Every structure is written in structure tokens, then in C-alpha cells.
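Novice: A structural model of the following input is requested.
(one chain, ligands or ions: 1)
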Amino acid sequence: MNRVERDTFGTIYFPISILILSSFFWDKPISFFLAVLTLTFADPIASIVGSRSKHHFIPWIDKKSINGSLAMFCTSFIIITIGTDAMARYYGSSFYLPLHILIGLAIFTSMCATLSEIISYKGSDNLTIPLISFFSYEIFLINYTHGNLFHLLIWTILSLLIFTCAYKYKSLDFSGAIGGFLIGAVIFGSGGWKLILPLVFFFLTSSLLSSLKNKPPSNRDVMQILANGFIPALFALCYFFFPNGILLLGYIGSLSASTADTWATEIGFLSKKNPYLVFSFKQVSKGESGSISAIGTIGSIAGALILGIICSYLFEFNYLIVMVTIAGCMGSFIDTLLGRYFQGKYICIKCGQKTENKLHCNTETKLKTGYRYIDNNFVNFIANLAGSLAIILISLMYG
Ligand SMILES: [Zn+2]
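Specialist: Predicted structure coming up:
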């Protein structure tokens, strides 16, 4: 079936997802097998039904259909319900799930798998469907055994509300809202309210601050969400399976970097003066990557500091406030440096305006400085990673 589609990376993604799952989770054969079954059956059925459907929508880049998504949901629902029971019998499991829990498990896993299919692009569902199915299945089951299912349900409903609002007010586009929902589900499922609160703080304050300035809403897509959400979600998941304080610190550090950087940008916009390009006396327009202003810098420190105070109430680490503040400022500084020296900056050949986008006035722009493949998302991603590594290093040296 891959042959029929346009250029896809599906054939590369599939072995990668199998490799990740089999190297870390070889002791969880049921979840592994069900995740692969979901990709093998539910995904092709979704694309067959979808290709016959007349009603399409474009959540991000690839065309999807409501019928295809419904088919995907129903097929994975059947695979999870029947498969879980059949495999529990095959492996001679010591306990069986009550029917309502089994149905809840199938709904949660199928919903997450279907949402990850909706925002997939060029065959990336071969990577996301097995991974998201596996992790949502595990998350639901472990929350069940810990007696936390009620909280997971409350969070799922609450986050559906949050992301519907964010979509309505154009803080996120459709793909961004789905991506945010999935990342929230992974992080809440990994550590409950304690783990999600710092993320909610980052998300709400950055949305609020960006609504203060007189600019059109940001309408962030799934790549922008992943640029800030992938590293924290990864640390949260690792902490969930391998509970170690270092991983928890990595999670906090990456959020601190995004908070510091977003606060710097958004509060910098409120400044009356234009910012300076870092390490130079050149004034540039507000929001240009690699620029700093006094107010923005104060905002960045304040964001990281407040996050540090919140985290010090939630988690028990020595000097957490200081560590979070330093990690946030480091992350934000790395963001500025990368933005100044490496991020691709372009000039529009039609109207001559400077831009950070590859398209302007519907025409391809000309590269002026930096590298074409380093965009704002990439810079944010590295800055997040820097925040994580900074806090981990500080705690190893002084903790
Ligand atoms: Zn232009």
C-alpha cells in the first residue's frame, strides 16, 4: 500500500518504532503486540475507508477523513478489547480486567492512536501509532493498578476543554491542539497532577502573555508544540518507567527553558524600545531571533524563578529554586545564541522584508544568514534540551 502513496518515510519509521519498543520494553509483550497489531490492521483500514470517503479535512498537511478516523478508532477498539483478553488467557495472566475497565482501556488507547494518526504526515504514523498505542495502553493500565484512573479521567476531560479553548482562540491550530492533548495525556499519565502542574503553568502563562500584545494570535501547529513538548514528554515517560530523580529534574529543566524563553519574548514585546542583537549594538525589530532587551531579560528570569518556586512546593530537591532559575536562563540564552548565529533568516524577494519564514508574499524567500534547516522550532528544541542538561549537571555537581 505504501507504493500507492506519495513519497513517504513509512518504511524507515516502522523499524525504528519496533526497535525502540523492543529494546526498552521486551518484558511487556502484550502491550507491544497490541501496539503492532493496531498499526498493522487499524491504520490500513483507516486509509482504505478514508480514500473512499468524499468528506475530507486537513488537520495539518496531509488530507484526512472523518470516516477514515472513525474506522481507525473502531478497529483499534476491537483489537484492544479482544486482544487484551485473548493474550491474558494465552499468557496465563494472574488477573483479568473487569469489563468496564477493559472498555475504558480500549477507548483511551484507540482515541490516542486515532489522534496520532490524524496529525501524521508522510508516513510518520508508522512511528507514532505503535509508540502512542503502546504508551497510552501502559499508562492506562498502570494508573488503574495504582488506583489513579479517576484522576486520569478528570484530566482527560479538563484537557479536552483546555485544548478546545486554545483552538477556538487560535492559540493553537487543529494539529497543535491534538498534539498538545497527546503530550498532556502522556505527561499526566506518567506522573499525575504533580507532573502536569508546571506544564499547565507554562502553557497558561505563555498563552496569556502572548494575548497581551497587539499581534494576530499565534495559531501554533503540532511542530511548534513538539518543539516545546517533546523533551518534557520524553523525560516524563522515562521517569514513569524508570523512576529516578535525575529524570524528574530533566523534565523540570526543559520546562524552565521554555518558560524563560517564552516569557522573554512575550514580555520583550511590551518594551517601548526595540531589542538589540546579542553581542552587538545593532537594534532590530521586536521578536527577531537572537535579540535581547532589558525588559525581556528580566521577564525571562522572573518566569524561571516563579516556575522554580512552584516546583519547590511540588518536588523535594535541595536548592530547586536556584537550579530551575539557572537552567531556565541557560536555556533561554542558548536559544538566543542559536537564534543569532545559526537560525535561517530570510529576505522576501518581492517586498524586501526580513523574515524567519521560507515563504513570504506567496514566494520562496532568499536565505540571508544562518542555515536553511535550522528554524525556530529546532532552536527551541535544542534550548529545551540545554535546560534539561543544565539542571542535571548542576544537581550532579552540587546536589
Ligand atoms: Zn514579502
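
Novice: tell me the SS of Ile45?
Specialist: Following DSSP: H, G, I helix; E, B strand; the rest coil, the label given to Ile45 is helix.

Novice: count of residues packed around Phe174?
Specialist: Phe174: 18 surrounding residues under other Cβ atoms under 10 Å. Any C-beta I mention is one placed from the backbone N, CA and C, and that applies to glycine too.

Novice: nearest residue to it in space, please, no chain neighbours.
Specialist: Nearest residue to Phe174, sequence neighbours excluded (Cβ to Cβ, 6 or more residues apart in numbering): Pro59, at 4.6 Å.

Novice: what number of residues lie near Tyr276?
Specialist: Burial of Tyr276 is recorded as 16 neighbouring residues (other Cβ under 10 Å).

Novice: who does it bridge with?
Specialist: Judged by DSSP bridges, the bridge partners of Tyr276 are Gln283, Ile292.

Novice: surely it meets Lys282?
Specialist: Yes. With contact defined as Cβ atoms under 8 Å, Tyr276 reaches Lys282; the gap is 6.6 Å.

Novice: got the residue ranges for the helices in the chain?
Specialist: Secondary structure of the chain (DSSP state H): helices located at 10-24, 29-37, 43-52, 66-90, 99-118, 125-145, 149-168, 174-212, 222-241, 245-268, 294-314, 320-341, 376-398.

Novice: who are the packing partners of the shortest one?
Specialist: When you say that, I think you mean helix 29-37. For helix 29-37, the elements it packs on are helix 10-24, helix 66-90, helix 125-145, judged by 3 or more Cβ pairs under 8 Å, 6 or more residues apart in numbering; DSSP states H and E.

Novice: buried residues, that helix. List them.
Specialist: 30-32, 34-37 (16 or more other Cβ atoms under 10 Å).

Novice: go on, stretch 38-55?
Specialist: Of the residues in stretch 38-55, 38-39, 42-43, 45-47, 49-50, 53 count as buried by neighbour count, 16+ other Cβ under 10 Å.

Novice: how about stretch 164-175?
Specialist: With burial defined by 16+ other Cβ under 10 Å, the residues of stretch 164-175 counted as buried are 166-167, 171-175.

Novice: identify the farthest-apart pair in those residues.
Specialist: Using Cβ to Cβ, the buried residues of stretch 164-175 reach their maximum pairwise distance at Ser171 and Ser175, which is 13.1 Å.

Novice: re the thing from before, just the closest of the buried residues of stretch 38-55 to the ion, please.
Specialist: Among these, Gly50 lies closest to the ion (Cβ to the ion), at 36.1 Å.

Novice: now Ile225. Nearest residue, chain neighbours left out?
Specialist: Nearest to Ile225 is Gly179, by Cβ to Cβ, 6+ apart, at 4.1 Å.

Novice: what sits against that neighbour?
Specialist: By Cβ atoms under 8 Å, 6 or more residues apart in numbering, the residues touching Gly179 are 119, 221-222, 225-226, 229.

Novice: cutoff 7 Å now
Specialist: Gly179 makes contact with 119, 222, 225-226 under the criterion Cβ atoms under 7 Å, 6 or more residues apart in numbering.

Novice: pLDDT value on it, please?
Specialist: Here the pLDDT value assigned to Gly179 is 96.

Novice: go ahead and confirm Thr81 touches Leu102.
Specialist: Yes. Here Thr81 reaches Leu102: they are 5.9 Å apart, a contact under Cβ atoms under 7 Å.

Novice: give me the helices and strands touching the worst-scoring helix or strand of the chain on mean pLDDT, please.
Specialist: Among the helices and strands of the chain, strand 56-57 carries the lowest confidence by mean pLDDT, DSSP states H and E, at a mean of 83. Applying 3 or more Cβ pairs under 7 Å, 6 or more residues apart in numbering; DSSP states H and E, one finds that strand 56-57 contacts strand 64-65.

Novice: strand partners (parallel or antiparallel) of the strand it packs on?
Specialist: Within its sheet, strand 64-65 is paired with strand 56-57 (antiparallel), according to DSSP bridges.

Novice: and the partner strand, how far from the chain's centre?
Specialist: 24 Å (Cα atoms, centre = their mean, to the nearest Å).

Novice: can you check stretch 390-399 too?
Specialist: The chain centroid and the centroid of stretch 390-399 are separated by 25 Å under Cα atoms, centre = their mean.

Novice: touching it from outside, list them.
Specialist: Here stretch 390-399 makes contact (Cβ under 7 Å, 6+ apart) with 246, 249-250, 252-253, 256, 318, 323-324, 326-327, 330-331.
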